[in-house]
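Novice: Next one to model:
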Amino acid sequence: MKGRRVVYECRNPRDGVEVTSKALICAVVVVLSCVGMAAHAQQTPTEPTSATPGSNSLTAQAQAESATASNEEVETPTSTEQGRTTMQQSFEHLTRAQWAAETRREAFRDTTFYGELRSFYYDSNNLNGSENEAWALGGSLGFKTGYFRDLFAYGATVYTSQQLYGPLDKTGSELLAPTTQHGYTALGELYTEILLTKNLKADVGLRGLDTPYLGLNDSRMTPNTFEGATVIGSLGGTDGAPGLHFGAAWVDKIKERDAVEFVSMAAAAGAPAGVARGVSVAGANYTSGDFSLGGIDYYSSDIINIAFFELKDAFALTKRLRLQMAVQYTNQNSVGSNLLMGHEFSVNQFGLKAELAFAGALLTAAYTGTSNGSTAIQSPWSGAPGYTSVQIENYDRGGEIGRMLRAAYNIKYVKGLSTYVLYVHGGQPDAKNQYAQDEYDANVQWKASTGKLKGLTLLARYGEVSQTGSPHRTEQLRLIVYYDPPWL
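Specialist: Numbering: from 1, shown residues only. Below you'll find the predicted structure:
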């Protein structure tokens with residue numbers, strides 16, 4: 001996502017006006033206004049400045065792109081929540097040709113630089129009467145070298161989030177430092193990558209990882225990153241053939257997404273002060289066409305053991321209509337000395353998802369059920385991967401059932417514009433003093449993929465949660481601008 005990030009506000013955050021449905025309407029109008037101006041800017045013809053070599057070919061190329069865009073099929077949207085990771089995304093899917101190409105690179109010549117500008121406004125009025133509010137500007141900048149002697153490569157990424165607005169009585173947005181609302185800058189990645197074979201590589205150091213229960217969770221200003229060592233490989237999977245992607249890791253520490261320092265994985269999970277434990281991870285994902293089956297296990301001594309499985313498949317009902325099905329299962333148990341909660345616990349969650357995809361539209365129905373008891377599903381090192389985990393709530397408390405309906409659409413006549421709405425109905429959880437909750441979310445996004453604004457993304461997200469037997473509700477507004485410079 002690229003271009004200078006400009007944040008458009010529906011109101012001045014200092015006015016202290018509560019976020020209501022009017023704020024949502026305002027946010028949507030702002031984003032759509034930006035889309036209109038941007039689309040006009042991209043479509044307005046300009047006079048040639050001079051007869052420079054290649055100017056005619058560039059004009060012809062632009063016309064060809066325009067003609068192609070008008071005829072191409074609209075991409076089907078996804079129902080994966082922002083910041084969540086599926087099993088298929090858990091291991092890098094480099095083809096054999098890509099692996100081989102990397103081994104031939106000259107390290108300095110092939111060093112690549114990357115960066116992103118990001119601005120984020122967050123305002124949440126919560127069920128308990130508290131409020132979180134902040135506005136930040138920042139992003140990331142990093143590099144990765146080519147391979148030295150076809151064996152070693154090096155990389156680093158720095159992240160920053162600086163305060164534009166952040167009242168001290170409204171902390172908790174996870175955009176700025178947790179208690180002070182100050183900005184921060186952190187070294188998130190610093191690693192050595194070792195090419196063991198053309199299909200197998202290892203990483204050592206500080207690195208971003210992305211799996212269902214240990215991942216980036218990149219839905220604020222900066223992502224989670226980790227300290228440890230990983231091995232990732234693949235077998236097959238080229239030219240549409242079936243493939244197996246697998247990986248294993250030892251993860252000692254985590255830098256959480258609003259933090260500067262790396263801390264023990266046990267501390268991040270909520271273990272008592274002074275307890276330091278890492279996490280061993282191992283898993284694999286098999287794909288064949290639309291079919292995929294994968295599993296992954298996370299084990300932290302004396303803390304927790306998490307096992308996760310997911311199966312997906314898709315079937316063509318007509319030439320343009322597809323049925324997509326998915327099943328997931330999570331099992332979590334205390335282990336060893338039970339240092340996480342001080343007692344034994346066991347909890348599991350089962351999920352089903354069915355989707356109808358037609359051109360640019362996607363209709364989703366999902367169900368999750370968490371086992372009885374007072375223990376909720378734990379997800380301390382990433383976002384919760386359950387199918388009914390959405391913008392605000394996860395619907396994974398003990399005994400809780402979640403049912404979701406979602407409609408998404410990539411709008412054909414405004415290139416890059418997409419939207420979705422969803423509703424989740426939650427059942428009564430088992431724990432005392434907890435209540436059933438319903439959530440409504442709406443999302444509007446525009447992403448420029450061509451033209452002068454290429455790399456710019458504007459995103460408005462609104463969520464509202466109501467609770468049975470309570471007049472209070474949570475209302476949350478997020479306005480986000482991303483820019484990935486195309487020249488990096």
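Novice: need the contact list for residue 298.
Specialist: 213-214, 279-281, 304-308 (C-beta atoms under 8 Å, 6 or more residues apart in numbering). All C-beta atoms are positioned from the backbone trio N, CA, C, and that covers glycine.
Novice: Next, give me the two most distant ones among these.
Specialist: Pairwise distances across these (C-beta to C-beta) peak at 14.4 Å, for the pair 280 and 308.
Novice: more neighbours, those two?
Specialist: The residue with more neighbours, out of residue 280 and residue 308, is residue 308; 22 against 15, by other C-beta atoms under 10 Å.
Novice: need the next SSE after the helix or strand containing that one, C-terminal direction.
Specialist: In the assignment (DSSP states H and E), residue 308 maps to strand 304-316. Going down the chain from strand 304-316, the next helix or strand is strand 321-333, by DSSP H and E.
Novice: Next, the angle strand 304-316 makes with that following strand.
Specialist: Orientation check (axes from the mean of the first three to the mean of the last three C-alpha atoms, to 10 degrees): strand 321-333 against strand 304-316 gives 170 degrees.
Novice: Average pLDDT for stretch 290-306, rounded please.
Specialist: Stretch 290-306 shows a mean pLDDT of 98.
Novice: Going by neighbour count, which residues of that stretch are buried?
Specialist: 292-300, 303-306 (16 or more other C-beta atoms under 10 Å).
Novice: same question, stretch 418-425
Specialist: Buried positions in stretch 418-425, judged by neighbour count with 16+ other C-beta under 10 Å: 418-420, 422, 424.
Novice: One more: stretch 127-134?
Specialist: By neighbour count with 16+ other C-beta under 10 Å, stretch 127-134 contains the buried residues 127, 131-134.
Novice: still on that earlier bit, just the closest of the buried residues of stretch 290-306 to residue 252, please.
Specialist: Within the buried residues of stretch 290-306, the smallest distance to residue 252 is 10.6 Å, found for residue 300 (C-beta to C-beta).
Novice: thought that closest one was touching residue 270?
Specialist: No: with contact defined as C-beta atoms under 8 Å, residue 300 does not count as touching residue 270 (11.5 Å).
Novice: rewinding a little: cross the buried residues of stretch 418-425 against strands and list the overlap.
Specialist: 418-420, 422, 424 (DSSP state E).
Novice: can you redo the residues you listed as TSV with pLDDT and distance to residue 432?
Specialist: Output for these, formatted as TSV (pLDDT from 0 to 100; distance: C-beta to C-beta, whole Å):
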residue	pLDDT	distance to residue 432
418	98	41
419	98	39
420	98	35
422	98	29
424	98	23
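Novice: which one of those residues sits closest to residue 261?
Specialist: Comparing those against residue 261 with C-beta to C-beta places residue 424 closest, at 34.9 Å.
Novice: Now for the closest one: which residues touch it?
Specialist: Counting by C-beta under 8 Å, 6+ apart, the residues that residue 424 touches are 388, 390, 393, 395, 402-404, 438-439.
Novice: can you do 6 Å?
Specialist: Contacts for residue 424 (C-beta atoms under 6 Å, 6 or more residues apart in numbering) come out as 388, 390, 402, 404, 439.
Novice: before we move on, back to that, which other residues reach the strand holding residue 308?
Specialist: Strand 304-316 has contacts (C-beta under 6 Å, 6+ apart) with 87, 212-213, 290-299, 322-333, 335, 340.
Novice: again with stretch 262-278
Specialist: Contacts to stretch 262-278, defined as C-beta under 6 Å, 6+ apart, come from residues 227, 251-255, 279, 300-301, 303, 339-340, 380.
Novice: Which of the residues you listed sits closest to residue 456?
Specialist: Using C-beta to C-beta, these come closest to residue 456 at residue 255, 27.7 Å.
Novice: Give me the neighbour count for the closest one.
Specialist: Counted with other C-beta under 10 Å, the neighbours of residue 255 add up to 24.
Novice: That one pairs with what?
Specialist: Residue 255 has the following beta-bridge partners by DSSP bridges: residue 225.
Novice: That one contacts residue 223, correct?
Specialist: No: Residue 255 is beyond contact range of residue 223, at 9.0 Å (criterion: C-beta atoms under 6 Å).
Novice: Compute the first-to-last residue distance for stretch 219-233.
Specialist: 27 Å (C-alpha to C-alpha, to the nearest Å).
Novice: Any buried residues in it, and which?
Specialist: Buried residues in stretch 219-233, counted by 16+ other C-beta under 10 Å: 219-233.
Novice: Now the two most distant members of these.
Specialist: Across the buried residues of stretch 219-233, the two lying at the largest distance from each other (C-beta to C-beta) are 221 and 233, at 32.5 Å.
Novice: What is the burial count for residue 332?
Specialist: When neighbours are counted by other C-beta under 10 Å, residue 332 registers 22.
Novice: so what pLDDT did it get?
Specialist: Reported pLDDT for residue 332: 98.
Novice: what do you get for the one 5 residues further on?
Specialist: At residue 337 the predicted local distance difference test score is 96.
Novice: ok, now the one 3 residues further on?
Specialist: Per-residue confidence at residue 340 stands at 96 (pLDDT).
Novice: what are the phi and psi values for it?
Specialist: The phi and psi values for residue 340, taken as degrees, to the nearest 10, are phi -70, psi -50.
Novice: give the contact list for the nearest residue to it once chain neighbours are set aside.
Specialist: In this structure, residue 340 finds its nearest non-sequential neighbour in residue 303, 4.9 Å apart by C-beta to C-beta, 6 or more residues apart in numbering. Residue 303 makes contacts with 266, 269, 271, 277, 339-340, as judged by C-beta under 6 Å, 6+ apart.
Novice: that older thread, list the pairing partners of the strand holding residue 308 within its sheet, with orientation.
Specialist: Going by DSSP bridges, the partners of strand 304-316 are strand 291-300 (antiparallel), strand 321-333 (antiparallel).
Novice: which among the contacts of stretch 262-278 gets closest to residue 172?
Specialist: The closest of the contacts of stretch 262-278 to residue 172 turns out to be residue 380 (C-beta to C-beta; 16.9 Å).
Novice: tell me the contacts of the closest one?
Specialist: Counting by C-beta under 6 Å, 6+ apart, residue 380 has contacts 268-269.
Novice: 8 Å - rerun?
Specialist: 268-270.
Novice: Please determine how far it is located from residue 146.
Specialist: Using C-beta to C-beta, to the nearest Å, residue 380 is found at 36 Å from residue 146.
Novice: before we move on, back to that, out of the buried residues of stretch 219-233, flag the one nearest to residue 469.
Specialist: Closest approach to residue 469 among the buried residues of stretch 219-233 (C-beta to C-beta): residue 219, at 29.8 Å.
Novice: For the closest one, grab phi and psi.
Specialist: phi -130, psi 20.
Novice: Then residue 170?
Specialist: phi -130, psi 40.
Novice: burial measure for it, as a count.
Specialist: The number of residues packed near residue 170 is 20, by other C-beta under 10 Å.
Novice: and the closest residue to it other than its chain neighbours, what are its bridge partners?
Specialist: Leaving out its chain neighbours, the residue that sits closest to residue 170 by C-beta to C-beta, 6+ apart is residue 133, at 4.1 Å. Counting by DSSP bridges, residue 133 forms beta bridges with residue 123.
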